[in-house]
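Undergrad: Sequence first, then the predicted structure:
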Amino acid sequence: MPDFDSAFRALADPTRRRIIELVAHRGMTAGDIASHFRTTRPAVSQHLTVLRNAELLSERREGRTRIYQANPKTVDEVVQHLQSFWSGRLQVLKRQAEREERQQRDRQ
Amino acid sequence: MTDSEPVNLEIMIEASPETVFEFFVDPGLMRTWMGDHAVLEPRVGGSFAVDIGNNHVRGSFVDLQPPERVVFTWGWEGSDIVPPGSSTVTFIFEAREGGTLVRLIHSDLPTGEDFRHTQGWNHYLGRLTKAAIGDDPGPDPLEVGQGMHDQPTGES
C-alpha cells in the first residue's frame, strides 16, 4: 500500500511535480533532470530523494549512471487489491449460495 | 479469457448454476455477498451499481446468459485509474458434479506496464496533485481492498 500522505506532500512542491512529468514516460539521469531547472544540482538531488521516498519515482542503475523514472507500481496495486477483494467476495458468495440452496431444498 | 488476465479466479460452490446466477441479478441476494446497496437492471445495457462502503462501483450489464454466464463492466465513481464502466468482469457458471464451478475474469484493468505508455499516469498525477494542493480528489479506488473486511449483511 503506497503511503499517500508522503505522496501528497511530495507533490505539493511545483518543482517535484514538474520532475514527475519529465520522467513519466522515459527514464532520465539526475543531470538530464537538473538541466531543466535553474536550481542547483544538489537541490534537484534532494527533490529526487523526496520523490523516491514517496515511491513516486523509481531508480535503476545502468552501468555507473542512475536512471530515474516515474513509478507506475501504484496501478499494479489496484490489481492486487482487486485480486484479494474478489477472492474474499467469492468465499462469501460460496457460503451464501450454499445456504440458499439448502433452504430451497428444505422447502421442497 | 486467458490466464494472462490480471484477475482470474475460480471456486467450487455446492449449489446449482441457477441458484448462483440469482446472486448476480437480485439486489437483495447481491447484498448478502457484496456491497451494502445495489441497483441491478439485468438486461444488456442495464445498470450494474453496487456501493461498497464509500466505494461506488458503476458499470452496466454486457451479456446475460442465465444460468451460464454474466458479464458486466466495472469501475469506480471518481476514479481516474478505473473509471466507471472501464473494466470488464466475466462470471462463468459451469455445472459440475455436486454443484457449480464459478470462474471469474476481471479484464481490461490497467497494469503498470500499459499505464506507462498511456495517458494514465498523467491522470493519476493530476489526481495526486489536486489532493496535494488541498482539493478533494474524490473516492480512492485503492480503498476497495477494505471491503474484504466488511461483514456481509444477512449473515448468521
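TA: In hand now; what should we look at?

Undergrad: tell me what the longest helix belonging to chain A is packed against?
TA: Criterion DSSP state H: the longest helix present in chain A is helix A:73-107. For helix A:73-107, the elements it packs on are strand B:7-13, helix B:17-25, helix B:27-33, strand B:99-107, helix B:112-116, helix B:120-132, judged by 3 or more CB pairs under 8 Å, 6 or more residues apart in numbering or on different chains; DSSP states H and E. Using the backbone N, CA and C atoms, a C-beta is placed for each residue, glycine as well.

Undergrad: which residues touch the spatially most central residue of chain B?
TA: Closest residue to the average C-alpha location of chain B: B:Trp74 at 4.9 Å, with CA atoms, centre = their mean. By CB atoms under 8 Å, 6 or more residues apart in numbering or on different chains, the contact set of B:Trp74 is B:Phe48, B:Val57, B:Gly59, B:Val82, B:Gly85, B:Ser86, B:Ser87, B:Thr88, B:Val89, B:His106.

Undergrad: do the same with B:Ala95
TA: Taking CB under 8 Å, 6+ apart, one finds B:Ser16, B:Pro17 in contact with B:Ala95.

Undergrad: Give the bridge partners for it, please.
TA: B:Thr100 (DSSP bridges).

Undergrad: same check, this time on A:Arg61
TA: A:Arg66.

Undergrad: For chain B, see how far away it is.
TA: Note on A:Arg61: its distance to chain B, by CB to the nearest CB, to the nearest Å, is 19 Å.

Undergrad: what about that residue, distance to A:Thr49?
TA: Remark: distance between A:Arg61 and A:Thr49 (CB to CB, to the nearest Å) = 16 Å.

Undergrad: Could you report the neighbour count for the closest residue to B:Asp51 other than its chain neighbours?
TA: Nearest non-adjacent residue to B:Asp51, counting by CB to CB, 6 or more residues apart in numbering or on different chains: B:His37, 4.2 Å away. Applying other CB atoms under 10 Å in any protein chain shown, we find 12 residues neighbouring B:His37.

Undergrad: show me the contacts for B:His37.
TA: B:Arg31, B:Val50, B:Asp51 are the contacts of B:His37 under CB under 8 Å, 6+ apart.

Undergrad: Next one: it from chain A, what distance?
TA: 16 Å.

Undergrad: ok, back up a step: more neighbours: A:Arg61 and A:Thr49, which one.
TA: A:Thr49 (13 against 8).

Undergrad: Under the pLDDT cut-off, which ranges of chain B? List them.
TA: Scanning chain B for pLDDT under 70 picks out B:1-4, B:113, B:115-123, B:128-129, B:131-156.

Undergrad: how about a cut-off of 90?
TA: B:1-7, B:52-55, B:76-83, B:108-156 (pLDDT under 90).

Undergrad: Centre of the chain to the longest helix of chain A, how far?
TA: When C-alpha coordinates are averaged (CA atoms, centre = their mean, to the nearest Å), helix A:73-107 and its chain have centres 26 Å apart.

Undergrad: how big is the angle separating that helix from helix B:17-25?
TA: Relative orientation of helix A:73-107 versus helix B:17-25 (axes from the mean of the first three to the mean of the last three CA atoms, to 10 degrees): 130 degrees.

Undergrad: In this structure A:Val44 contacts A:Gly31, no?
TA: No: between A:Val44 and A:Gly31 no contact is recorded; they are 9.0 Å apart, counting by CB atoms under 8 Å.

Undergrad: Distance to A:Glu55 and neighbour count added to the contacts of B:His37, as JSON lines?
TA: Shown next, in JSON lines, are the contacts of B:His37 (distance: CB to CB, whole Å; neighbours: other CB atoms under 10 Å in any protein chain shown):
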{"residue": "B:Arg31", "distance to A:Glu55": "36", "neighbour count": "19"}
{"residue": "B:Val50", "distance to A:Glu55": "30", "neighbour count": "22"}
{"residue": "B:Asp51", "distance to A:Glu55": "30", "neighbour count": "17"}
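
Undergrad: what residues does stretch B:82-93 touch?
TA: A:78, B:1, B:17, B:20-21, B:24, B:58-60, B:62, B:67-77, B:100-110, B:141.

Undergrad: Filter the residues you listed down to the buried ones, ChimeraX style.
TA: Applying 16 or more other CB atoms under 10 Å in any protein chain shown to these, the buried members can be selected in ChimeraX as follows:
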select /A:78 /B:17,20,21,24,58,59,60,62,67,69,70,71,72,73,74,75,76,77,100,102,103,104,105,106,107,109,110,141
